[in-house]
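# Output the structure for:
(one chain, ligands or ions: 1)
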Amino acid sequence: MTDVELAWAAGLFEGEGSFKLWNGRYTTMVLSMTDKDVVERFARIVEVGTIRRRTPQQEGWKEQWVWNISAHEHVRDLTTQFLPFLGERRAARAREVLEAIAANQARVTEPVDCAWCGDSFTPSKFHVGRARFCTRYCQQEWFKRKRRKPCAA
Ligand SMILES: [Zn+2]
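Numbers count the residues shown, from 1 in each chain. So this is what the prediction gives:
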């Protein structure tokens, strides 16, 4: 994308888009408008994301076209590109999103101690939620004993 396209896309996102952050972990960028051609142009320029049509919830409402991305790499790359163009409020939000992504990535590559056997292990990149057990066995044992630690012997 050219600098002009980037500036246009960032400006549009500032006005019509938003960042969503759940649990401090899951991030999404959403852009929602009634003008299909504008949303399509945005998607073409940023080269990521999918567009879906949102049916009007009430009679008389216009249909909306919703673009979104949630893959961490995509959100991180696009947010970083948009950042210099964003106003104070949206830039603060963008930085919050980037920090959450960085923290999340640090979390999955750092070894942690298994909550059951105590062995150190490195959670899988694809692990959803906070990894606490090195194996499924440890997880099952932990739940079975209702959170009591095994005896030291
Ligand atoms: Zn274990």
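# Check which helices and strands the longest strand along the chain sits against.
Assignment by DSSP state E gives strand 26-33 as the longest strand of the chain. Counting contacts by 3 or more C-beta pairs under 8 Å, 6 or more residues apart in numbering; DSSP states H and E, strand 26-33 packs against helix 3-16, strand 17-22, helix 36-46, strand 64-69, helix 72-82, helix 88-109. In short, each C-beta sits where N, CA and C put it, glycine included.
# Take the ones you listed and lay them out in TSV including mean pLDDT, distance to Ala131 and mean neighbour count.
Converted to TSV, the helices and strands packed on strand 26-33 look like this (pLDDT from 0 to 100; distance: least, C-beta to C-beta, whole Å; neighbours: other C-beta atoms under 10 Å):
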stretch	mean pLDDT	distance to Ala131	mean neighbour count
helix 3-16	97	33	16
strand 17-22	91	18	15
helix 36-46	97	32	16
strand 64-69	96	25	19
helix 72-82	94	16	18
helix 88-109	87	8	14
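# For the ion, which of those is the nearest?
Closest of those to the ion is helix 88-109, at 17.4 Å (criterion: C-beta to the ion).
# what element comes up after that closest one heading to the C-terminus?
The element immediately downstream of helix 88-109 (helix or strand, assigned by DSSP states H and E) is strand 112-113.
# Note down every partner strand of that following strand and its orientation.
Here strand 112-113 has these sheet partners by DSSP bridges: strand 120-121 (antiparallel).
# which other residues reach the next helix or strand after the partner strand?
As assigned by DSSP H and E, the chain's next helix or strand after strand 120-121 is helix 136-144. By C-beta atoms under 8 Å, 6 or more residues apart in numbering, the list of residues contacting helix 136-144 from outside reads Cys114, Ala115, Trp116, Cys117, Arg132, Phe133, Pro150.
# Could you rerun that using 6 Å?
When contacts are defined by C-beta atoms under 6 Å, 6 or more residues apart in numbering, helix 136-144 is touched by residues Cys114, Trp116, Cys117, Phe133.
# Farthest-apart pair in these, please.
Cys117 and Phe133 (8.3 Å; C-beta to C-beta).
# Identify the residue spatially nearest to Phe121, adjacent ones excluded.
Cys134 (4.0 Å; C-beta to C-beta, 6 or more residues apart in numbering).
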